[in-house]
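1. The following comprises the amino acid sequence and a computationally predicted model.
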Amino acid sequence: MQVTLNNGVVMPQVGFGVFQVPNDETEAAVSAALEAGYRSIDTAAIYGNEEGVGRAIAASGIARDELFVTTKLWNSDHASARDAYDASLERLGLDRLDLYLIHWPAPANDRYLDAWAALEELYAAGRVRAIGVSNFLPEHLRRVADLGGTVPAVNQVELHPALQQRDVVAANDALGTTTEAWSPLAQGALLTDPTITTIAERLGRTPAQVILRWHLQQGRVIIPKSVTPSRIAANLDLAGFELSDADLVAIDGLERDGRVGPHPAEFNG
């Protein structure tokens with residue numbers, strides 16, 4: 001399962017996220033993910049675990065061109081994005097990234113357009129295969145688009161059945177920007193929801209698999225996270241079943257503005 005970004009780069013539709021995974025546990029978790037078949041890994045400078053990701057990649061023996069590695073620029077580095085990029089590469093032990101994202105717009109700081117200009121320079125120099133943003137609301141996306149340069153390839157946002165961000169998805173679609181969901185399972189908050197569990201029981205699948213399949217059938221990229229090898233493998237096992245139109249509508253009905261992370265208009269880090 002893959003998606004093609006707006007610059008022609010192909011990205012796996014299911015990746016492995018390492019948010020809140022301690023650095024000393026990251027190597028084992030990423031190694032388990034790679035062994036299970038994941039080929040996309042998503043980290044960030046602020047997570048403090050880029051080194052663990054790099055160790056797992058180095059130990060895997062998997063060819064670099066078979067992997068898709070994403071990391072993110074932290075808010076305090078908007079004015080020094082090129083240096084931050086180099087530091088992330090050093091921690092990861094890599095010579096390039098597949099995707100580099102501005103982690104948050106941090107609107108009170110109002111430096112994300114400067115950061116975007118630096119990412120465009122990295123992209124033009126061939127040092128990163130694609131550039132994008134994370135947690136950008138439509139107004140933030142419009143400011144980037146109005147620059148008239150590179151259109152973000154990805155906007156990674158909190159998105160799950162309880163927070164569907166339809167306005168953000170519409171803004172992404174209008175620009176040809178791929179929507180990527182972080183916290184696609186709402187940090188587990190929906191795994192006991194009767195709508196989800198009923199569908200899961202009928203299909204003989206886990207509640208997590210049902211939610212992740214809901215994302216995939218709407219064309220989104222997802223980055224589920226776990227440190228349990230069996231769950232890591234199950235979260236990738238999404239190709240052998242399909243949700244019906246009625247299932248999709250039922251899950252769509254779970255929207256309740258159930259945000260579990262910060263609001264991008266208010267968060268500045």
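-> On my side now, so go ahead. Numbering: from 1, shown residues only.
2. Low-confidence bits of this structure, can you list those?
-> The chain contains no residues with pLDDT under 70.
3. Excluding residues flanking it in the chain, which one is nearest L137?
-> Spatial nearest neighbour of L137, chain neighbours left out: P264 (5.3 Å); criterion: C-beta to C-beta, 6 or more residues apart in numbering. The C-beta positions use only the backbone N, C-alpha and C, and glycine is treated the same way.
4. Would you map the helices across the stretch 1-150 of the chain?
-> 23-36, 50-60, 81-92, 112-124, 138-145 (DSSP state H, counting those that start in this stretch).
5. quick one on the thing from earlier: tell me the SS of the residue nearest to L137?
-> coil (DSSP: H, G, I helix; E, B strand; the rest coil).
6. the strands in this structure, which residues?
-> Taking DSSP state E as the test, the strands found in the chain are 2-4, 10-12, 16-17, 40-42, 68-73, 99-102, 131-134, 154-158, 178-182, 221-222.
7. Of the ones you listed, which is nearest G253?
-> strand 178-182 (17.9 Å; C-beta to C-beta).
8. Neighbouring strands of the closest one in the sheet, and parallel or not?
-> strand 154-158 (parallel), strand 221-222 (parallel) (DSSP bridges).
9. Can you add mean neighbour count and give the helices of the stretch 1-150 of the chain back as TSV?
-> What follows is the helices of the stretch 1-150 of the chain, written out as TSV (neighbours: other C-beta atoms under 10 Å):
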stretch	mean neighbour count
helix 23-36	19
helix 50-60	20
helix 81-92	18
helix 112-124	19
helix 138-145	18
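10. who touches R143 in this structure?
-> By C-beta atoms under 8 Å, 6 or more residues apart in numbering, the residues touching R143 are Y112, L113.
11. Any chance of the strands of the chain in CSV with mean neighbour count as columns?
-> Listed next are the strands of the chain as CSV, based on neighbours: other C-beta under 10 Å:
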stretch, mean neighbour count
strand 2-4, 13
strand 10-12, 18
strand 16-17, 27
strand 40-42, 25
strand 68-73, 26
strand 99-102, 28
strand 131-134, 26
strand 154-158, 25
strand 178-182, 24
strand 221-222, 28
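12. Turn the ones you listed into JSON lines, including distance to A56.
-> Listed next are the strands of the chain as JSON lines, based on distance: least, C-beta to C-beta, whole Å:
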{"stretch": "strand 2-4", "distance to A56": "22"}
{"stretch": "strand 10-12", "distance to A56": "16"}
{"stretch": "strand 16-17", "distance to A56": "10"}
{"stretch": "strand 40-42", "distance to A56": "8"}
{"stretch": "strand 68-73", "distance to A56": "11"}
{"stretch": "strand 99-102", "distance to A56": "18"}
{"stretch": "strand 131-134", "distance to A56": "22"}
{"stretch": "strand 154-158", "distance to A56": "21"}
{"stretch": "strand 178-182", "distance to A56": "20"}
{"stretch": "strand 221-222", "distance to A56": "20"}
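13. L185 reaches I211, doesn't it?
-> Yes: if you go by C-beta atoms under 8 Å, L185 and I211 touch, sitting 5.6 Å apart.
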